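Undergrad: need a 3D model of the sequence below.
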Amino acid sequence: MARIFCIPGIIFLLCALILSILVSISLPFLPALDLVRVHFGSGIKTASDGMTELRFGVWAPCYYDTDGSRTCFKAAVAYAINISNERANVDIGASWTRGLAVHPVAAAVTFIAFCMSFSTHHLVTLLASLVSFLAAALTLIAFAIDIALYANVHHEMQKVAGKTDTSAAFWMTFAQLLLLLLAGCTVCFGRRKDRLSGASSYPMTSSTKPGFFSRFRRRT
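TA: Take a look at the predicted model:
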């Protein structure tokens, strides 16, 4: 692959891989990397104490009490959470969080594309470009699921006076999507440029056929 396109493609894939791994770990293992965050101001009463903040991760939600302590649910592929106060009862079902498992799948495909991007073989670089676009498609699906979760949480938490915002992992997924698209394009363009440069490197041989009247020339 052309050198000018090879290095940027690898860098894009590396950055996308790092982002995808961090997002895939998420809550409850990385407290700062949540998808959706809900603020309750002075706190909403729960079974244990006043909850001031609720964070939604890929594997579990975590909530913060008025004393600053953090409590996380057990990590699972799909989780559900129920919040109630004197105003309303809010239930976020597991159907809204089950699709978040697409994030680690996208991370695995991104890793495969990153490993293949180091090859100089034409077929492997073509596959690396296709796998990059596949990872981008999976990331797009994951991002759509994140948007759906945010929209549902925002709608439901208004019933209990909660302010809902997107958080770090949400925007990291969006950045990952852009990086994968750039990586797929640079790898694809690099392969095309390499093929064109390889084709132009072959020597051109020209041959001229004898004219019609040359066969009537006098032989000496």
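Undergrad: which one is Ala32 nearest to, not counting chain neighbours?
TA: Leaving aside its sequence neighbours, Ala32 sits nearest to Ala168 (Cβ to Cβ, 6 or more residues apart in numbering; 6.2 Å). C-beta coordinates here come from the backbone N, C-alpha and C atoms, glycine included.
Undergrad: phi, psi for the one you found please.
TA: Phi and psi for Ala168, reported as degrees, to the nearest 10, are phi -60, psi -50.
Undergrad: where in the chain is pLDDT low?
TA: Scanning the chain for pLDDT under 70 picks out 1-6, 42-49, 187-220.
Undergrad: where do the helices sit along it?
TA: For the chain, applying DSSP state H gives helices covering 3-29, 102-116, 122-157, 168-200.
Undergrad: out of those, which is closest to Asn82?
TA: helix 122-157 (10.5 Å; Cβ to Cβ).
Undergrad: which helices and strands does that closest one pack with?
TA: The contact analysis (3 or more Cβ pairs under 8 Å, 6 or more residues apart in numbering; DSSP states H and E) places helix 122-157 against helix 3-29, strand 36-45, strand 89-92, helix 102-116, strand 163-166, helix 168-200.
Undergrad: make a markdown table from those and add distance to Ala75 and mean neighbour count to it.
TA: Conversion of the helices and strands packed on helix 122-157 to a markdown table gives the following (distance: least, Cβ to Cβ, whole Å; neighbours: other Cβ atoms under 10 Å):
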| stretch | distance to Ala75 | mean neighbour count |
| --- | --- | --- |
| helix 3-29 | 6 | 20 |
| strand 36-45 | 17 | 17 |
| strand 89-92 | 16 | 16 |
| helix 102-116 | 12 | 21 |
| strand 163-166 | 22 | 16 |
| helix 168-200 | 15 | 19 |
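Undergrad: what's the closest of those to Leu138?
TA: Across the helices and strands packed on helix 122-157, Leu138 has its closest neighbour in helix 102-116 (3.9 Å, Cβ to Cβ).
Undergrad: residues in contact with that closest one?
TA: Identification of contacts with helix 102-116 by Cβ atoms under 8 Å, 6 or more residues apart in numbering yields 10, 13-14, 16-17, 20-21, 23-24, 26, 58, 124-125, 127-128, 131-132, 134-135, 138-139, 141-142, 145, 173, 176, 180, 183.
Undergrad: quick one: contacts for Leu134?
TA: By Cβ under 8 Å, 6+ apart, the contact list for Leu134 reads Val109, Ala113.
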